[in-house]
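Visitor: Okay, sequence plus prediction incoming.
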Amino acid sequence: MSRYLFHRLWQSAVTLILATIVVFAGVRALPGDPALALAGEDRDPESLRAIREQYGLDDSWPVQFWQFVSHAARGDLGQSIRTGEPVNGMIAGALPVTIELSVLALLVAGVIGIGAGVLAAVQRGRPAEWAANALALLGLSVPNFWLGLMAILYLSVALGLFPASGFVPFFTNPVANLHHLVLPALILGTGLAAVIMRQTRSSMLDALSADYIRTAEAKGLPPRAVIGRHALRNSLIVVVTIVGLQLGALISGAVVTERIFALPGFGKLTVDAVFQRDYPVIQAVVLVTATAYIVINLLVDLLYSVIDPRIRVRGDA
């Protein structure tokens with residue numbers, strides 16, 4: 001296990017460095033000069049030179065990259081070019097909102113997707129499977145932005161069941177916090193629920209046709225034990241992989257949903273930084289996102305041996 005962990009950590013470090021280099025170069029290849037955006041109407045040469053000197057924009061790319069990496073290694077992600085705020089504080093304020101939204105969306109998707117997938121596999125060829133497949137196709141086909149707008153129109157404006165926008169911190173008012181996030185989590189979780197449902201159904205069909213399932217049925221185990229204890233547990237490996245990857249995607253990709261519901265999350269911070277050419281914020285966002293993907297993938301790999309006892313992680317595998 002220690003050899004395996006060391007190997008994965010080494011791979012993760014290399015991946016993180018490569019991702020940082022690619023994004024660093026890509027951001028600086030974007031058209032536009034951040035010094036011009038910062039100068040506003042005062043664009044005389046002296047002001048532009050002072051701005052570039054203050055933020056190190058005249059330094060060569062290797063120098064700027066080394067400064068960023070050396071400061072990030074000490075936990076200092078720099079200051080926003082646009083606002084002058086510490087990037088650490090900006091991320092600390094936005095990331096919990098997106099993490100909470102992503103976790104709630106993942107719970108919604110897991111409950112709906114796994115439940116519908118098991119039902120579709122057990123009731124194969126029956127109306128229950130047809131309904132589950134139709135709902136999965138609908139969830140994959142309908143864009144989140146349209147579904148979010150319709151939900152706001154009917155559930156928030158017409159019926160007044162949920163707030164149309166805004167956010168309340170959890171520790172300020174937990175009830176109001178959940179009330180504001182239930183609708184965005186439902187919208188964000190619909191597409192993921194469809195993916196989980198299809199994967200769960202496929203894995204369950206393979207498991208239900210295996211020899212050990214027939215042996216369990218021959219021993220007289222009740223259907224609930226056969227499905228839950230044997231078939232579902234061995235089908236969760238693929239599902240856990242999908243959920244792990246999608247959690248990272250939700251953290252970095254909930255931009256549209258956060259925009260629709262006016263949530264001050266990671267997506268809004270990213271979009272604002274890109275449009276304002278705020279290099280430190282963009283680099284920090286990518287660094288945090290890449291780290292989240294790497295940590296989640298490592299945890300998913302370690303969960304394999306817990307879910308399926310037949311799998312044992314070895315360093316020479």
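Guide: Done, it's in.
Visitor: make it CA atoms for all contacts and neighbour counts henceforth
Guide: Will do.
Visitor: what are the ranges of the helices in the protein?
Guide: If DSSP state H is used as the criterion, the helices of the chain fall at 2-28, 34-39, 45-55, 61-73, 87-122, 127-141, 144-151, 174-208, 211-218, 223-225, 233-253, 255-260, 266-275, 279-307.
Visitor: Could you tell me which ranges of the stretch 151-300 of the chain sit under the pLDDT cut-off?
Guide: Within the stretch 151-300 of the chain, the segments meeting pLDDT under 70 span 248, 252-253.
Visitor: still on that earlier bit, how about the helices of the chain in TSV, adding mean neighbour count and distance to residue 158?
Guide: Below are those laid out as TSV (neighbours: other Cα atoms under 10 Å; distance: least, Cα to Cα, whole Å):
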stretch	mean neighbour count	distance to residue 158
helix 2-28	14	43
helix 34-39	18	41
helix 45-55	14	49
helix 61-73	14	48
helix 87-122	20	24
helix 127-141	16	23
helix 144-151	17	10
helix 174-208	22	14
helix 211-218	13	50
helix 223-225	11	42
helix 233-253	20	29
helix 255-260	19	17
helix 266-275	18	27
helix 279-307	18	37
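Visitor: what would these look like in CSV with distance to residue 80?
Guide: Below are the helices of the chain laid out as CSV (distance: least, Cα to Cα, whole Å):
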stretch, distance to residue 80
helix 2-28, 15
helix 34-39, 11
helix 45-55, 10
helix 61-73, 13
helix 87-122, 6
helix 127-141, 37
helix 144-151, 29
helix 174-208, 28
helix 211-218, 58
helix 223-225, 56
helix 233-253, 19
helix 255-260, 20
helix 266-275, 9
helix 279-307, 6
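Visitor: ok, now how distant is residue 232 from residue 224?
Guide: Per Cα to Cα, to the nearest Å, residue 232 is found 10 Å from residue 224.
Visitor: Residue 265 too?
Guide: Counting by Cα to Cα, the gap from residue 265 to residue 224 is 41 Å.
Visitor: Residue 250 too?
Guide: 33 Å.
Visitor: ditto for residue 20
Guide: Counting by Cα to Cα, the gap from residue 20 to residue 224 is 48 Å.
Visitor: Check residue 77 too.
Guide: Separation of residue 77 from residue 224 (Cα to Cα): 52 Å.
Visitor: Ok, residue 159 next?
Guide: Computed as Cα to Cα, the residue 159 to residue 224 distance reads 39 Å.
Visitor: How about residue 51?
Guide: For residue 51, the distance to residue 224 (Cα to Cα) stands at 68 Å.
Visitor: Residue 134 too?
Guide: Taken as Cα to Cα, the span from residue 134 to residue 224 is 25 Å.
Visitor: Kindly report the same for residue 122.
Guide: From residue 122 across to residue 224, the span is 11 Å (Cα to Cα).
Visitor: got it, and residue 156?
Guide: Taking Cα to Cα as the measure, residue 156 falls 39 Å from residue 224.
Visitor: next one: residue 12
Guide: Remark: distance between residue 12 and residue 224 (Cα to Cα) = 40 Å.
Visitor: Same question for residue 95.
Guide: For residue 95, the distance to residue 224 (Cα to Cα) stands at 40 Å.
Visitor: pretty sure residue 135 is touching residue 194, no?
Guide: Yes. Between residue 135 and residue 194 there is a contact under Cα atoms under 8 Å: 7.4 Å.
Visitor: show me what contacts residue 279?
Guide: Contacts here follow Cα atoms under 8 Å, 6 or more residues apart in numbering; on that basis residue 279 touches 27, 28, 80, 81, 273.
Visitor: Hmm, I typed the wrong one, I wanted residue 87.
Guide: 77, 78, 79, 80, 280, 281, 284.
Visitor: at 7 Å what do you get?
Guide: Each residue near residue 87 by Cα atoms under 7 Å, 6 or more residues apart in numbering is listed here: 77, 78, 79, 80, 281.
Visitor: which residues does the residue nearest to it when sequence neighbours are not counted form a beta bridge with?
Guide: Leaving aside its sequence neighbours, residue 87 sits nearest to residue 79 (Cα to Cα, 6 or more residues apart in numbering; 5.2 Å). Here residue 79 sits in beta bridges with residue 86, going by DSSP bridges.
Visitor: tally of neighbours for residue 79?
Guide: Close neighbours of residue 79, defined as other Cα atoms under 10 Å, add up to 19.
Visitor: show me the contacts for it.
Guide: Residue 79 touches 85, 86, 87, 280, counting by Cα under 7 Å, 6+ apart.
Visitor: If I look at it, what pLDDT would I see?
Guide: On pLDDT, residue 79 comes in at 79.
Visitor: which residues touch the nearest residue to residue 168 once chain neighbours are set aside?
Guide: Spatial nearest neighbour of residue 168, chain neighbours left out: residue 177 (4.9 Å); criterion: Cα to Cα, 6+ apart. By Cα under 7 Å, 6+ apart, residue 177 lies in contact with 167, 168, 169, 170.
Visitor: tell me, how many neighbours does residue 171 end up with?
Guide: 8.
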